[in-house]
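1. Below is the sequence, then the predicted model.
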There are 2 protein chains.
Amino acid sequence: MKPESTGRIYWNGEMETLGPEQQRAIEEPKLLRQLEYAWRASAFYRRKWRAAGIDPRQIHCAEALVTLPFTEKDELQETQEATPPFGANQCVPLDQAIRMQATGGTTGRPLRMTLTRHDVAIYNELGARGGWAAGMRPGDLLFECMNYSLYAGGVSDHLSFEHLGACVAPVGIGQSKRLIEILRDVRMETCLWSTPSYALHLARVAQDHGIDPVSLNIRKGFFSGDAGLAIPSYRRRIEDALGLVASDIYGLGELGGFAAECRYRDGLHFLGQGLLIAELVDPASGQAIALRHGAVGELVYTTIDRESCPLIRFRSHDHVRVSTAPCPCGRTGFRFRVLGRSDDMFIVKGINVYPLAIQDLVLGFAPVLTGEFQVILPDPPPITYDPPVRVEAGDGVDPAEFPALRDRVTVRIREILMFTPDVEVVSFGCLPKTERKARRLYRRYRGETP
Amino acid sequence: MKPESTGRIYWNGEMETLGPEQQRAIEEPKLLRQLEYAWRASAFYRRKWRAAGIDPRQIHCAEALVTLPFTEKDELQETQEATPPFGANQCVPLDQAIRMQATGGTTGRPLRMTLTRHDVAIYNELGARGGWAAGMRPGDLLFECMNYSLYAGGVSDHLSFEHLGACVAPVGIGQSKRLIEILRDVRMETCLWSTPSYALHLARVAQDHGIDPVSLNIRKGFFSGDAGLAIPSYRRRIEDALGLVASDIYGLGELGGFAAECRYRDGLHFLGQGLLIAELVDPASGQAIALRHGAVGELVYTTIDRESCPLIRFRSHDHVRVSTAPCPCGRTGFRFRVLGRSDDMFIVKGINVYPLAIQDLVLGFAPVLTGEFQVILPDPPPITYDPPVRVEAGDGVDPAEFPALRDRVTVRIREILMFTPDVEVVSFGCLPKTERKARRLYRRYRGETP
C-alpha cells in the first residue's frame, strides 16, 4: 500500500505518535490529578476507595493504578437509583453540565451521564482522532445513522465528526427509505456512520425498492456499535453490498470513540493518549496483564482529564488480542482486535467460545448459508452438553441438502473452535434480520425466568 | 412583575439593548459586505440580481436593501434540483461545511442547507439569546423533543442551548413513554423544548398511563415550531395540563431561533441584532412597511454575516403585528405577534382570515368544545360562500346541544372575525389529535387533485 498520498496523516500527530516515555510523562501527572479530584469531588469514589482501605492521595506513580478497585457499570446504575438523577459520581453542579446522555445496558437500565464543556471537548478530540485514522476527512458528506435519542453515540458522535470538519447530516435510525431518497437527490459520493448491521439493512431496503445498493454512491462506511467488522467475511459482505470501503471505529458510550483502524487495517489503534489510560487485565482474576504483543485480556479504562463523572478502572468487558508490532501509519498506540464480550463468551468443556468467532466461520459458508445464526444455551454453566447452534440456509438451498450442510458446519466448528456444537440448519428467512446491534447468543435456561 | 431577581438579564446585553443608531452603525457595513460576498460567491444571487438589472456593488447604504428582489424558498429548492446537492447558493466548498440540515417545506420538497463553523456559531448565538430571553438558564435540565432527523430544529437547537449552558438531553420525537419514564427516574424539576402540540400530546400519554401530567415535574416549557403560544387560551391549556410556565421562541429552520418572549411576555422580541436584518413588507404588493408600532405585514430577513448560504430578503410568509413600545426588560429589539402564515390565510369576501384567530376563538368555548377544529375550503378563491368550519364537542357534551352550540360559534366568529362560517359541530374524538405541528386548514378544491 502506498504511503498516505496527500496532506495530514494524523488528527493529532503529537499525541498519536508519542513514545512510551513521553506518554508517561504527560499522563502520569494527569492521572494523579484525576485521582485526587475524584477523591475530593466524587462521593462515589471516596466511599468505594475507603471501603477498599485505599487512599488515592498516597498514590504517586501510574503503576499504582492497579491497586485501585475496578468500576463496574452496575455500580454506577445503582448510585443513580440511590441518588437521582446522576448518582454520587456526578462531580460538578448541574449548571456546569451541558449535555446529558444515556448509555444502554444489557440489564436494560440506562446509565445517565452528563458532560461539561471540557468533557465534550475531550469526547470530540477522541472522536476526531478516530474518524481521521479511519479515513474521514473534511469534504466528506457523512450521513449519521446512529440513534440520536439519548444514546451517547448520537449527538456526541455527530459533534465529534463536525469537530473533525466533515459535513455531518443527522439521519438517525428508522429512516432508511428517506435516506435512500436523499442519496438519490444529492447525487454525489457520500459516507455513512452506522452499525455494521444497519449497512446491510440499508442495502436490503434499497434492493426491496428495486435500487442497486451500489448506486447509492456511499463510498466510505465508518462503523461502530458492534464488532462485526472484526470478521473479515462480514466486512467483505458489507463492502460488496454497498460498494464502499468499510472502516472500524471502536468506543464505549461512557468514553467516546477512542480507537480506530488506520488505512492499513491491521487492528484498532488505541488513540486515547493523554486523555485515557488503557490497561489489560485477566477477566476472571482481575490481575493485570502486560500490554505485550499477542496478549489476550479484557480492556479496562481510566479517564485522566474528566470533570463530570471520572471513570477509574472502568471495565469494558470487551476481550481483545493486543498487537504492538509497529504500524506503517506511524501511530504508536497499541492495536487490538475484539474477540468478544465477556457477557457473550461461554465456556464449553473448558474452551472459551465467542459468538464472533462462530460468525466468522458461518459466514465462510456463504452463499449456502446466509451467515445469520443463533447460539442457544438451554442450561446454565458448566456447559457439559453440545450447545445448540442454528444456522440459516441461503435463499434457494434445497432442504434435502440440510443434513449434509449440518455435518459440514459441525466439523468445521470442531476443527476451528475446538468444541462440538449441536447444529440445526433452518430455512432461509427463519432467523431475524437485525437493523441495529445484532444479537446472537440466547441464554434460555430451563426453569429460570430470563 | 418584579425586575429580574438575580444575575444576568441578557445573553448578549450589548446587542440586545442597542439603540437604532448603534445598530445601524454595526449592521450597515456587515450588510454591504454580505451583499458583495453573495455577488462574488453565490452564482444564485449573481444570476438573480443580473436578471433584475441590479448590481449590489452599487449599493452603499442599508436603505437600498429594498431595491433587491425577494428570495423565495421555492427558488432555493429549484436551484438544488438543478445543481445538486446544495444548489448555486452554496458559497463555500464542502470541506468548509460541517453540518447539513434539511428544512421542511409545504411543498414536501426539503431544502438542504449546509453551515460552516462560523455559521454554526451564529446559529448558536441567536439560539442562546432566544433561550435566555425566554428564561432558560444554566442548571436547567432540558429535554429536547424536536426532530433530530435532518430537521434544522434538532441538532442545531440542541447545540444552541448547550451554548447557553443548559444541560440538554436529546430525546427526539416518538419517545413519549420513554420520556415519562426518564422524568419519573430523574426526580427533579426539568424543562421541555418541543412544539406546543407535543406538550399536550405528552400530557395525554401520561394520563393514558394513569400518571398526573403535573407530577412529571416539568416546570419550564420552551416552545416553537408552530404559533400555538400566540393564543392565550392555548398557552393556558398547556400550562395547566403540565403545571409549567410556557415561553415562546420563534425562528425559521433556515435562520435559527432569533426571536423570543421575555419574562413580560408581551410579544416576541426580535433578537437578531448584528446578525440578521428584519424588514416588514406588504405581503401582496411586496412594498416596504415601516416597522412602526401597530404595523401589520410579512417579515422578510436578510443574513449579514453568513458564509455558506446567505439569504437576502428571504420571505418568511409569516404575517405579524409589530410593537415598538418600550419593554420593561430593556431589550430594544422590536416585538411582534404572529397573526398567521400567508399559506394559511384565506380571504372571505374581502376579509383576511387566519386559522390562528379561529383557534383562539374556538378555545374560548372550552370545555364544551375541545378546541380542535378544521377549516375546509372546497373551492378555490374567491371564497364567495360560507366556508365550512368543523369544531369538536367536549367529552360528554350531549349531541342535543350541538345545534345551539353551532349557532353560538357562528355568531361569535361573525362578531369577532367578520365572516360567516358554515359551522358543523362533531362529536368528541372525531378530529385528529396532533403530536407535532398542528394542521387546521384543508384546501380540498373540487375537481382538482391536491
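-> Ah, there it is.

2. need the helices for chain A, in chain order.
-> According to DSSP state H, chain A carries its helices in the segments A:13-16, A:20-41, A:43-51, A:73-82, A:117-133, A:155-164, A:176-186, A:196-208, A:232-242, A:355-363, A:402-417.

3. The longest one packs against which elements?
-> The contact analysis (3 or more CB pairs under 8 Å, 6 or more residues apart in numbering or on different chains; DSSP states H and E) places helix A:20-41 against helix A:43-51, strand A:296-303. Every residue, glycine included, has its C-beta placed from N, CA and C.

4. Dump these to CSV, plus mean neighbour count, distance to chain B and mean pLDDT.
-> What follows is the helices and strands packed on helix A:20-41, written out as CSV (neighbours: other CB atoms under 10 Å in any protein chain shown; distance: least, CB to the nearest CB, whole Å; pLDDT from 0 to 100):
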stretch, mean neighbour count, distance to chain B, mean pLDDT
helix A:43-51, 17, 17, 97
strand A:296-303, 23, 19, 97
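
5. Which residues of the stretch 1-150 of chain A lie near chain B?
-> By the criterion of CB under 8 Å from any CB of the partner chain, the positions of the stretch 1-150 of chain A lying close to chain B are A:81, A:84-85, A:93-102, A:112, A:114, A:120, A:137-139, A:141, A:148-150.

6. Which ones among the residues you listed lie within strands?
-> Counting by DSSP state E, these place A:A97, A:I98, A:R99, A:M100, A:Q101, A:A102, A:R112, A:T114, A:L141 in strands.

7. By neighbour count, which of those residues wins?
-> A:A97 (29 neighbours; other CB atoms under 10 Å in any protein chain shown).

8. Could you export the ones in strands among the residues of the stretch 1-150 of chain A next to chain B as CSV, including pLDDT?
-> Below are these laid out as CSV (pLDDT from 0 to 100):
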residue, pLDDT
A:A97, 98
A:I98, 98
A:R99, 98
A:M100, 97
A:Q101, 95
A:A102, 90
A:R112, 94
A:T114, 97
A:L141, 98
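
9. which pair in these spans the largest distance?
-> A:R112 and A:L141 (32.5 Å; CB to CB).

10. sorry, back to before: got TSV for the helices and strands packed on helix A:20-41, with distance to A:V66 too?
-> As requested, the helices and strands packed on helix A:20-41 are arranged in TSV below (distance: least, CB to CB, whole Å):
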stretch	distance to A:V66
helix A:43-51	14
strand A:296-303	10
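
11. Determine which residue of chain A is most distant from the centre point.
-> Relative to the average C-alpha location in chain A, and by CA atoms, centre = their mean, no residue lies farther out than A:A400, which sits at 39.3 Å.

12. still on that earlier bit, closest to B:V391 out of the helices and strands packed on helix A:20-41?
-> With respect to B:V391, and counting by CB to CB, the nearest of the helices and strands packed on helix A:20-41 is helix A:43-51 at 56.2 Å.

13. which outside residues touch that closest one?
-> Defining contact as CB atoms under 8 Å, 6 or more residues apart in numbering or on different chains, one finds that helix A:43-51 is touched by A:38-40, A:55-56, A:68-69, A:71, A:75-76, A:79, A:87-89, A:310, A:312.

14. List only buried entries from those residues.
-> Of the members of the contacts of helix A:43-51, the ones counted as buried by neighbours, 16 or more other CB atoms under 10 Å in any protein chain shown, are A:38-39, A:56, A:68, A:71, A:75-76, A:79, A:87-89, A:310, A:312.

15. domain ranges for chain A?
-> Chain A is divided into the following domains under automatic domain parsing: A:1-266, A:346-443.

16. Single out the most deeply packed of those.
-> domain A:1-266 (a mean of 19; mean count of other CB atoms under 10 Å in any protein chain shown).

17. re the thing from before, nearest to chain B, of the contacts of helix A:43-51?
-> Using CB to the nearest CB, the shortest approach to chain B within the contacts of helix A:43-51 belongs to A:G87, at 11.1 Å.

18. Could you measure from the closest one over to B:C167?
-> Noted for A:G87: a distance of 15 Å to B:C167, by CB to CB, to the nearest Å.

19. what's the answer for A:F314, then?
-> Noted for A:F314: a distance of 22 Å to B:C167, by CB to CB.

20. With A:T324 instead?
-> Computed as CB to CB, the A:T324 to B:C167 distance reads 40 Å.

21. Would you agree A:L31 is in contact with A:D305?
-> No: using CB atoms under 8 Å as the test, A:L31 is too far from A:D305 to be in contact (9.2 Å).

22. Just the strands from the stretch 201-350 of chain A, written as ranges.
-> Secondary structure of the stretch 201-350 of chain A (DSSP state E, counting those that start in this stretch): strands located at A:218-223, A:245-252, A:256-261, A:268-270, A:276-281, A:288-289, A:296-303, A:314-323, A:335-341, A:346-348.

23. Show me the one of the ones you listed that comes nearest B:R335.
-> It's strand A:256-261; of those, that one is closest to B:R335 (CB to CB) at 43.0 Å.

24. Now do the closest one and strand A:276-281, the angle between them.
-> Taking axes from the mean of the first three to the mean of the last three CA atoms, to 10 degrees, one finds that strand A:256-261 is oriented at 70 degrees with respect to strand A:276-281.

25. just checking, what packs against strand A:256-261?
-> When contacts are defined as 3+ CB pairs under 8 Å, 6+ apart, strand A:256-261 sits against helix A:117-133, helix A:155-164, strand A:245-252, strand A:268-270.

26. Adjacent strands (with direction) for the shortest one?
-> If I follow you right, that is strand A:268-270. Pairing partners of strand A:268-270, with direction, according to DSSP bridges: strand A:256-261 (antiparallel), strand A:335-341 (antiparallel).

27. okay if I get these as TSV plus mean pLDDT?
-> As requested, the strands paired with strand A:268-270 are arranged in TSV below (pLDDT from 0 to 100):
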stretch	mean pLDDT
strand A:256-261	96
strand A:335-341	92
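
28. Serialize these to a markdown table and add fields for distance to B:A227.
-> Formatted as a markdown table, the entries for the strands paired with strand A:268-270 read as follows, by distance: least, CB to CB, whole Å:
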| stretch | distance to B:A227 |
| --- | --- |
| strand A:256-261 | 40 |
| strand A:335-341 | 50 |
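
29. and of those, who's closest to B:C430?
-> Closest to B:C430 of those, according to CB to CB: strand A:256-261, at 50.2 Å.
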